[in-house]
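K.L.:
Quick one: sequence plus predicted model below, questions after.
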Amino acid sequence: MADFTNTTYCLLVFLISFVLVRYIFKTRVNRYNSIRSPPSPPALPIIGHLHFLGPILHRSFQNLSRRFGPLILLHIGESTCVVASSAAVIKEIIGTHENIFSYRPEFGSVDFYIYKESRFVTAEYGPYWRFMRKICMTKLLSGTQLNKCTDIRQQEIGRLLESLTKSYEEGKPIDISGLVTTMTNNIICRIVMSTRCSDSCDEAEEIKKFVKETLKLGRLLSVGDMLGPLSKFDLFGHGKKLKVVMGLFDKLLEGIMKEHEENRCHDKRGGDLMDVLLEIYRDENFEVKLTRNDIKSFILELFVAGTDLISTSIQWALAELINHPNKFKKLREEIDVVVGKSRLLQDSDVTAFPYLQAVVKETLRLHPPAPFIIRQCDEDWNIKGFNIMKGTRTLINVFAVMRDPDSWNQPDKFVPERFSNESFRHKQKEIKGQGFHYLPFGSGRRGCPGASLALNVVHATVGAMVQCFDWNANKDGVVTNQDFSCYSSSFEVSSIKDKGETTKEFIAKLDLKTGQKVLGGGCGIGGGDFYMPDNFGVMVSFNLERAIGCKCFVEFNVTKCMQMLR
Ligand code: HEM
């Protein structure tokens, strides 16, 4: 009853707010009515196009663009955006007119972000952004810095493999999602703050919690953007919570910074990223004077930008390989020929594995962990004959572009071979995002600076997991060859696992046909599934058989995966 009252109350506040906002403020919508705007689906009063949006946003936008064209205008409550979904349109936006679309929009969370003045990812294209970007590319995430971290990556992957083996030996189920996320968090933690942090598991764990909470609250506050200027009143208290979480993060990071300052690194190679940033902070000669908040904010952004995305990519790659045993076999053979069975694959081996690289590229094409590139139009502009107003949020639907049948053969199929055959190899431009058909890391001056680090970790982890274990869907397991978005929409409410219900009972309830494949939960990530209900929990089992003889039993826990994204 209390829940019902709360929900009704929230709904009322929400609706009244909309009406007030509409009444009080002259909206962007009105201005768009008077210009040649991009096509727009029929909108409802107050909510605009909200009713077109399903739980998986990039799919909803893909469906809309199929009906209304590759550039569409949407009003969601008080929030207006254009969505681009074809390579030709995107080429204009982040290619030809990149200078107009180099800004990223502010979201509702910014008012409650304690390092408001220090953000890099949403910094305007000005001296501060240019300075941070330069140190990112030349010092923090440069090839030299990454080479220095090879040992860290190798050790953390080794730990992951040990955990898998140990769980097998103890006969315990394994939460792949949790283990892989811990690994990526540890890698970033150690690269950023060195062993001083990673040795203390508590600190690494604390950071993981803060990042998760910051992401969750940030998303909730962004949804509040629909309320327009009223979102500043923090009607649901998410902003207040964000401030508290960030306050705790700040305290923890200040402690780590002080520790670094006390044990100043005299290593000629320059120490970890925190050491490099502190060195710049102390130096008066740089064109931009860094503050302590700049450093903390940048570090938080690296965690937010990196950890989850790498982990998601690894899980999707594994899921696709499990679902395509012939491709798994082909990859295993490639690794066996080069590395053999007596040693573990190393970072430096990856260049000798074209098929492994193709598997990762194809995974990122089908399941881009960042399904949207978000930019903002900085002047009243014209794209393909349509007017876009200054300040309009511009969403590039990377997911739709990378599944566009005009650019890709059998776009919804997992076919790594498309990246390993000769015709594609000399299209390297595509891979770097310059052809605008393949954009998992964005493109141009605001493209992802962490792409090399991310690819290093994904290649080495997927390679090691394939080299060391046989991954087969258990015959009891629910396994699908569709991605999770199809999975969630086809199961809906009737398939929520009841409390106390065993996996077997749950599976029986789903009434799957013999031989039908259903993808395991660990794979259910792709930017949007966090809308799934809390109690949705499918335990999916996989058998792991180690190449060198031992057998493991793994359970993918969907609930845990999704909690990760909450
Ligand atoms: C698989 C993993 C990753 C994916 C798929 C990914 C994807 C992306 C995408 C799509 C963008 C926006 C690009 C654009 O606007 O054109 C971006 C930006 C960014 N990424 Fe990544 N990223 C990944 C990993 C990382 C890592 C590991 C780091 C750093 C540790 C990182 C740091 C950043 C930063 C700082 C930006 C903002 C750059 C700027 O505004 O100049 N990312 N990433």
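P.N.:
Sure, I can see it. Residues are numbered from 1 along each chain as shown.

K.L.:
residues contacting whichever residue of the stretch 201-350 of the chain sits closest to the ligand?
P.N.:
As assessed by CB to the nearest ligand atom, the ligand sits closest to Gly306 within the stretch 201-350 of the chain, at 3.0 Å. In short, each C-beta sits where N, CA and C put it, glycine included. Residues counted as contacts of Gly306 (CB atoms under 8 Å, 6 or more residues apart in numbering) are Thr184, Ile188, Gly450, Leu453, Ala454.

K.L.:
pretty sure it is in a strand, no?
P.N.:
No - counting by DSSP: H, G, I helix; E, B strand; the rest coil, Gly306 is not found in a strand; it is helix.

K.L.:
who's in contact with Ile94?
P.N.:
Contacts of Ile94 by CB under 8 Å, 6+ apart are Phe101, Ile373, Arg375, Ile396, Phe436, Gly442, Ser443, Gly444, Arg446.

K.L.:
quick one: low-confidence ranges for the stretch 351-500 of the chain?
P.N.:
421-434, 471-500 (pLDDT under 70).

K.L.:
Output the set of residues of it in proximity to the ligand.
P.N.:
369-370, 373, 440-443, 446-450, 453-454 (CB under 6 Å from any ligand atom).

K.L.:
In those residues, find the pair that's most separated.
P.N.:
Distance extremes for those: the farthest pair is Ile373 and Leu453 at 18.9 Å, using CB to CB.

K.L.:
Neighbour count for these two, which is higher?
P.N.:
Ile373 (28 against 22; other CB atoms under 10 Å).

K.L.:
for the more buried one, what are its contacts?
P.N.:
Counting by CB under 8 Å, 6+ apart, Ile373 has contacts Ile94, Leu395, Ile396, Val398, Leu439, Gly442, Ser443.

K.L.:
Now it: which helix or strand?
P.N.:
strand 372-376 (DSSP states H and E).

K.L.:
Over to Gly247?
P.N.:
Under the assignment here (DSSP H and E), Gly247 is part of helix 238-262.

K.L.:
Could I get the buried residue list for that helix?
P.N.:
Residues of helix 238-262 classed as buried: 238-239, 241-242, 245-246, 249-250, 252-253, 256-257, 260 (neighbour count, 16 or more other CB atoms under 10 Å).

K.L.:
got the phi/psi numbers for Phe353?
P.N.:
phi -120, psi 80 (degrees, to the nearest 10).

K.L.:
From what I see, it and Glu334 are in contact.
P.N.:
Yes - using CB atoms under 8 Å, Phe353 is in contact with Glu334, at 5.6 Å.

K.L.:
Helices of the stretch 101-250 of the chain, start to end?
P.N.:
Ranges of helices in the stretch 101-250 of the chain, per DSSP state H, counting those that start in this stretch, are 127-135, 143-148, 150-170, 176-193, 195-198, 201-223, 238-262.

K.L.:
And the average pLDDT for the helix holding Gly247 is what?
P.N.:
Averaged over helix 238-262, pLDDT sits at 87.

K.L.:
So which other helices or strands are in contact with that helix?
P.N.:
With contacts defined as 3 or more CB pairs under 8 Å, 6 or more residues apart in numbering; DSSP states H and E, helix 238-262 has these neighbours: helix 195-198, helix 201-223, helix 273-282, helix 292-323.

K.L.:
Tell me the helix or strand right after the longest one.
P.N.:
As assigned by DSSP H and E, the chain's next helix or strand after helix 292-323 is helix 325-339.

K.L.:
angle of that next one against helix 292-323?
P.N.:
110 degrees (axes from the mean of the first three to the mean of the last three CA atoms, to 10 degrees).

K.L.:
buried ones in helix 325-339?
P.N.:
Per 16+ other CB under 10 Å, helix 325-339 contains these buried residues: Lys327, Phe328, Lys330, Leu331, Arg332, Glu334, Ile335, Val339.

K.L.:
what residues does that helix touch?
P.N.:
320-322, 345, 349, 352-356, 359, 414, 416, 463, 466-467, 471-472, 547.

K.L.:
circling back to that earlier point, Ala88: which of the contacts of Ile94 is nearest?
P.N.:
Using CB to CB, these come closest to Ala88 at Phe436, 7.9 Å.

K.L.:
what about the closest one, which SS state?
P.N.:
Phe436 - assigned by three-state DSSP - is coil.

K.L.:
what's the spacing between His49 and the ligand?
P.N.:
According to CB to the nearest ligand atom, to the nearest Å, His49 stands 24 Å off from the ligand.

K.L.:
distance of the closest residue to that residue other than its chain neighbours from Ser37?
P.N.:
Nearest residue to His49, sequence neighbours excluded (CB to CB, 6 or more residues apart in numbering): Leu74, at 4.6 Å. Using CB to CB, to the nearest Å, Leu74 is found at 11 Å from Ser37.

K.L.:
These two: which is more packed in?
P.N.:
Leu74 (24 against 20).

K.L.:
Those residues of this structure touching the ligand, which are they?
P.N.:
Checking the chain against the ligand by CB under 6 Å from any ligand atom, the hits are 121, 133, 188, 301-302, 305-306, 309-310, 313, 369-370, 373, 440-443, 446-450, 453-454.

K.L.:
try it again with 5 Å
P.N.:
121, 302, 305-306, 309-310, 313, 369-370, 373, 440-442, 446-448, 450, 453-454 (CB under 5 Å from any ligand atom).

K.L.:
Please check those residues and keep the buried ones.
P.N.:
121, 302, 305-306, 309-310, 313, 369-370, 373, 440-442, 446, 448, 450, 453-454.

K.L.:
Show me where the stretch 151-300 of the chain dips below the pLDDT cut-off.
P.N.:
167-175, 195-202, 222-233, 265-270.

K.L.:
if I pick whichever residue of the stretch 1-150 of the chain sits closest to the ligand, what's in contact with it?
P.N.:
Relative to the ligand, the nearest point of the stretch 1-150 of the chain is Val121 (4.5 Å; CB to the nearest ligand atom). Applying CB under 8 Å, 6+ apart to Val121 gives the contacts Arg104, Glu301, Ala305.
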